[in-house]
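Chemist: turn this into a structure:
(one chain, ligands or ions: 1)
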Amino acid sequence: MKASLIVHGGAWDIPPDLIEAHKSACQAALLEGWEILSSECHALEAVEAAIRVMEDDPALNAGTGSVLNAEGQIELDAGIMEGGGLEAGAVAAVQNIRNPISLARKVLESEYVFIVGEDAVLFAGTAGMERCSREELVVEKELRLWRAQRGAAASRSQEGHGPTGGDTVGAVAIDHRGDIAVGNSTGGRPLKHPGRVGDSPLVGCGLYADNTLGGAACTGQGEAIIRVVLAKTAVDLLKRGRPVREAATLAVQLLRKKVNGRGGLIMVDRNGNVGYSFNTPAMAYAYMSEDQDEAVIGV
Ligand code: ASP
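Modeler: As a prediction, the model looks like this:
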């Protein structure tokens, strides 16, 4: 089976001065995940590792460097799923966790699928994960933008994407055994209402994996993506052997047509082919397959 990995750093209007940072974050995540995938590990390991790299990169809206909510707090959402037994784990509205994707993975390994808020942080403690402080996650750039946006953001936040925000991260992998895994991690929308949760951690909406078809991870306007159950819709489009690139394009077209939504997604099919599509001005991505000589990195 051909192993493949694709990652993204969010679909939105990436300002020109941030493009390089987004590309290099995706490249670093791809390299980390690819090394793991190449050493015969399960696709879940590669997805978790790739996303941790992007969570730790302050340029992206996940983990360290996430956008702030209306109260100036960082509340994080993450989800991870595997396509063999359809096992999934997710957390939402968690504070003080450096790598929410790893917490989502702990949930996947538990008897639960979804744990939210302070109770997810307590669960992290019982699973041996440390808390971090708010200050460790907040970066100066986001704090400045939060202050600037607070007064005048009402109309822009309706659109779902401010000048930062949108650079959610995601990864989809297939390993040599044909096991598919998908993960997402995000700080969500800038200035969001406390407790607001987007598509990113929601199975079927922000992510879906089924070894018999493929996997998809979405980014963009969560309120729109949820309403068209975008990830599952995209994976279902792979039925009857439809090419993965076509499925990605059709899913993003449907997002626009049905709910006037903006966003993008990355996919792999059960044969290790990768696809992606977006209807935002940009989406940072990187992918590698065993039949490629070198990684593709783009915006
Ligand atoms: N989909 C994420 C959310 O709505 C944000 C993004 O991907 O840009 O929380």
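
Chemist: interface residues of the protein facing the ligand?
Modeler: The chain comes close to the ligand at residues 10, 166, 168, 186, 188-189, 198-200, 219-220, 222, as judged by C-beta under 6 Å from any ligand atom. Quick note: C-beta positions are derived from backbone N, CA and C, even for glycine.

Chemist: one more pass at 8 Å, please.
Modeler: Where the chain comes near the ligand, counting by C-beta under 8 Å from any ligand atom, the residues are 10-12, 61, 77, 160-161, 165-168, 170, 184, 186-189, 192, 196-200, 206, 218-223, 225, 263.

Chemist: just the ones in helices from the residues you listed, please.
Modeler: 222-223, 225 (DSSP state H).

Chemist: any idea how far the residue sitting furthest away from the middle of the chain lies from the ligand?
Modeler: Residue distances from the centre of the chain (C-alpha atoms, centre = their mean) peak at G151, which lies 28.7 Å from the mean C-alpha position. Distance, G151 to the ligand, by C-beta to the nearest ligand atom, to the nearest Å: 23 Å.

Chemist: helix or strand: which one has that residue?
Modeler: Using DSSP states H and E, G151 falls within helix 140-152.

Chemist: now that helix: mean pLDDT?
Modeler: For helix 140-152, mean pLDDT rounds to 86.

Chemist: same question for stretch 121-128.
Modeler: 96.

Chemist: buried residues, it. List them.
Modeler: By neighbour count with 16 or more other C-beta atoms under 10 Å, stretch 121-128 contains the buried residues 121, 123-124.

Chemist: and I80, helix, strand or coil?
Modeler: Look at I80: counting by DSSP: H, G, I helix; E, B strand; the rest coil, its state is strand.

Chemist: how many other residues sit next to it?
Modeler: Residues within reach of I80, counting by other C-beta atoms under 10 Å, total 33.

Chemist: mind listing the residues bridging to it?
Modeler: Note on I80: beta-bridge partners by DSSP bridges are G89, G183.

Chemist: surely it touches N99?
Modeler: No - contact criterion C-beta atoms under 8 Å: I80 and N99 do not qualify, at 11.5 Å.

Chemist: still on that earlier bit, of all the buried residues of stretch 121-128, which comes closest to E109?
Modeler: Nearest to E109, judged by C-beta to C-beta, of the buried residues of stretch 121-128 is F123 at 11.4 Å.

Chemist: that closest one belongs to a helix?
Modeler: Yes - counting by three-state DSSP, F123 falls inside a helix.

Chemist: gap between F123 and I180?
Modeler: Distance of F123 to I180, given as C-beta to C-beta, to the nearest Å: 26 Å.

Chemist: any weak-confidence spans in this protein?
Modeler: Residue ranges of the chain with pLDDT under 70: 152-165.

Chemist: which other helices and strands does the helix holding G151 contact?
Modeler: Packing partners of helix 140-152 (3 or more C-beta pairs under 8 Å, 6 or more residues apart in numbering; DSSP states H and E): none among the helices and strands.

Chemist: tell me the buried residues in it?
Modeler: Applying 16+ other C-beta under 10 Å to helix 140-152 flags 142, 145-146, 149 as buried.

Chemist: just stretch 198-217 next, same as before
Modeler: 198-211, 213-217.

Chemist: equivalent analysis for stretch 34-43, please.
Modeler: 34, 36-37, 41-43.

Chemist: how about the residues you listed, which pair is most distant?
Modeler: Top of the distance list for the buried residues of stretch 34-43 (C-beta to C-beta): W34 and H42, 14.1 Å.

Chemist: from the residues of the chain next to the ligand, which would you call buried?
Modeler: Buried residues within these, defined by neighbour count using 16+ other C-beta under 10 Å: 10-12, 61, 77, 160-161, 165-168, 170, 184, 186-189, 192, 196-200, 206, 218-222, 225, 263.

Chemist: taking those one by one, which sit in strands?
Modeler: 10-12, 77, 170, 184, 186, 218-220, 263 (DSSP state E).

Chemist: including distance to A88, could those go into TSV?
Modeler: Shown next, in TSV, are these (distance: C-beta to C-beta, whole Å):
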residue	distance to A88
G10	22
A11	22
W12	26
D77	14
G170	14
N184	11
T186	16
C218	15
T219	18
G220	21
G263	21
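
Chemist: and of those residues, the nearest to the ligand?
Modeler: T219 (3.5 Å; C-beta to the nearest ligand atom).

Chemist: can you pull the contacts of that closest one?
Modeler: Neighbouring residues of T219 by C-beta atoms under 8 Å, 6 or more residues apart in numbering: 8, 10-11, 166, 168, 170, 184, 186, 200, 263-265, 278, 283.
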